[in-house]
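# based on what follows, work out the 3D shape:
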Amino acid sequence: MSGLQEILIILVVGLALFYLPVRKKNNTPSRMKVVGPAVLITGRTRLFVFLSVLWPAGAAFFLKPWQHDLLLFIYIGIGPIVLCWGLWWVIMGFKDFRR
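Okay, the predicted model is just below:
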């Protein structure tokens, strides 16, 4: 059961990393300007980040890598996430290069 608790703690920390900056941004006075490049996170990117957390958590729930085969969890749980984000990074690199 400790494996599930560890996954839940990681999820809470991850959500706090995304939730707290947004909440702090809403409390700033409107007359302050943002200096420097601002990063806009689109809805599609937010969905991909959410699925990147949900997919390994679901794989860990069903495969239980702390009891059985860790290598299978790496291939099924973490591998697709690394592959998708790597492809996205390469595609965005070509997209920015064309501008």
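
# so what's the most centrally placed residue in the chain up against?
Nearest to the mean C-alpha position of the chain, by C-alpha atoms, centre = their mean, lies residue 49 at 3.5 Å. Residue 49 is in contact with residue 18, counting by C-beta atoms under 8 Å, 6 or more residues apart in numbering. Where C-beta positions appear, they are placed from N, C-alpha and C, glycine not excepted.

# any low-confidence regions in the chain?
For the chain, the stretches with pLDDT under 70 are 1-2, 20-39, 96-99.

# what ranges does it have for its strands?
Using DSSP state E, the chain contains no strands.

# on that earlier part again, could you measure the residue nearest to the centre of the chain against residue 5, distance?
Noted for residue 49: a distance of 22 Å to residue 5, by C-beta to C-beta, to the nearest Å.

# do the same with residue 50
Distance of residue 50 to residue 5, computed by C-beta to C-beta: 21 Å.

# neighbour count for those two, which is higher?
Neighbour totals were compared for residue 50 and residue 5, and residue 50 leads with 13 against 9 (other C-beta atoms under 10 Å).
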